[in-house]
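**Student:** Give me coordinates for this.
(chains A and B)
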Amino acid sequence: MRWVGDVFLLIGAAFSFLGALGLVRMPDVFNRIQTGTKAVTLGALSFLLGIGFLHPEWWTKLVCIGGFILVTSPVSSSALARAFLIAGVRPWRAPEDREAPAREEG
Amino acid sequence: MTEVSPRLSQYVVGFAAGMLLWVLLTGTSDGQELLAGVLVVAATMAVAGPRLAILGGVRLVPSAAVALVAYLGYFFYALVRANLDVARRVLSPSLPIRPAVVEVRTGLKSRLGRLLLANSITLTPGTLSVDVRGDRILVHWIDASPGTDLESATRRIAAGFERHIRGFLQ
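**Tutor:** Coordinates of the predicted model:
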């Protein structure tokens, strides 16, 4: 039980790290939101699962927290992305796609 | 099996969700705790019920439970795949991304259904819901091949989820 929990904590840390690395490496705000949301959501769930193995008596509250994260995390990401698009931030395009007309959104 | 009207449905679903939250938070199935929960949730529903119209889209048929479980399984599979996908892209030195903004179409009618679909799209490989406009969802796609049109984007991004969500939401 102890080491299964530790493994999940380690996985959570690894995905959170990948999310942070994505924030540094990605070229624009939309791609950063993408990596940030996905990696950090699964990282947080993995943390919760690991804590569930270490403290089985907490699992009901952990389920509540996990459900809350799953519902709110994508909503906040979409709200941020929508705000950036409305504010006029154009999504970054790969060099080979630059000639193709990007979608015009206002 | 007839479907329950949206107005009744929103109270039933709200009450069930409230009781589930109560039981998870108290962590017991003790009779007195449950009774207190029924009272608290009933009072909450009496106050908040009319504003919970968003819950009216839930289909209260027995097959909905099966569809919900199938959706959750599909969702977690997609979530794990999304993360391996992100890990691959972030770690590869050439940063293989080819982002574009595309539109997908949804046949889901209820607001809750569209919310759930948009959320699911955000947490799956390479896609981020940006906006919902009527029956179109605007999606930032990290790996869009050139010349992707509405139909193929809908098929590749939304169709799988929509099939599952349709089982328990209108």
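**Student:** Check the gap between B:Gly49 and A:Thr35 for me.
**Tutor:** Note on B:Gly49: its distance to A:Thr35, by C-beta to C-beta, to the nearest Å, is 40 Å. C-betas here are computed from N, CA, C, even on glycine.
**Student:** wait, I meant A:Leu9
**Tutor:** Summarising the geometry, the distance separating A:Leu9 from A:Thr35, computed by C-beta to C-beta, is 21 Å.
**Student:** contacts for stretch B:84-94?
**Tutor:** A:15, A:18-19, A:21-22, A:25-26, A:34-35, A:38-39, B:95-97, B:125-126, B:142 (C-beta atoms under 8 Å, 6 or more residues apart in numbering or on different chains).
**Student:** Helix, strand, or coil at B:Pro96?
**Tutor:** coil (DSSP: H, G, I helix; E, B strand; the rest coil).
**Student:** ok, A:Leu9 and A:Thr35, which is more surrounded?
**Tutor:** Neighbours of A:Leu9 and A:Thr35, each counted by other C-beta atoms under 10 Å in any protein chain shown, are more numerous for A:Thr35; the result is 27 against 18.
**Student:** In helices, which of the contacts of stretch B:84-94 appear?
**Tutor:** Members of these lying in helices (criterion: DSSP state H): A:15, A:18-19, A:21-22, A:25, A:34-35, A:38-39.
**Student:** What residues of the helix or strand encompassing A:Phe53 count as buried?
**Tutor:** In this assignment (DSSP states H and E), A:Phe53 forms part of helix A:29-54. The neighbour-count check on helix A:29-54 (16 or more other C-beta atoms under 10 Å in any protein chain shown) flags A:29-53 as buried.
**Student:** Can you report how many residues neighbour B:Ala144?
**Tutor:** Neighbourhood size, B:Ala144 [other C-beta under 10 Å]: 24.
**Student:** Which residue is the nearest non-sequential neighbour of it?
**Tutor:** Setting aside the residues directly before and after it, B:Ala144 is nearest to B:Ala100 in space (C-beta to C-beta, 6 or more residues apart in numbering or on different chains), at 3.8 Å.
**Student:** Distance from the chain centre to the helix holding A:Phe53, please.
**Tutor:** Taking C-alpha atoms, centre = their mean, to the nearest Å, one finds the center of helix A:29-54 at 5 Å from the center of the full chain.
**Student:** Now do the phi/psi pair for the residue in chain A that chain B sits nearest to.
**Tutor:** Each residue of chain A has a distance to chain B, by C-beta to the nearest C-beta, and the smallest belongs to A:Pro74, at 3.7 Å. Dihedral pair for A:Pro74: phi -70, psi -30, per degrees, to the nearest 10.
**Student:** can you count the residues close to the closest residue to it other than its chain neighbours?
**Tutor:** Residue nearest to A:Pro74 in three dimensions, not counting chain neighbours: B:Thr122, with 3.7 Å by C-beta to C-beta, 6+ apart. Neighbourhood size, B:Thr122 [other C-beta under 10 Å]: 26.
**Student:** Kindly report the same for the one 4 residues further on.
**Tutor:** Neighbours of B:Gly126 under the rule other C-beta under 10 Å: 22.
**Student:** Hmm, B:Val139 and it touching each other?
**Tutor:** No. Applying C-beta atoms under 8 Å, one finds B:Gly126 not in contact with B:Val139, separated by 9.6 Å.
**Student:** hmm, back to that, my guess is the residue nearest to A:Pro74 meets A:Ala79, correct?
**Tutor:** No. The pair B:Thr122 and A:Ala79 does not pass the contact test of C-beta under 8 Å, sitting 10.8 Å apart.
**Student:** so B:Val58 touches B:Tyr11, yeah?
**Tutor:** No. In this structure, B:Val58 sits apart from B:Tyr11 without contact. The criterion is C-beta under 8 Å, and the distance is 11.0 Å.
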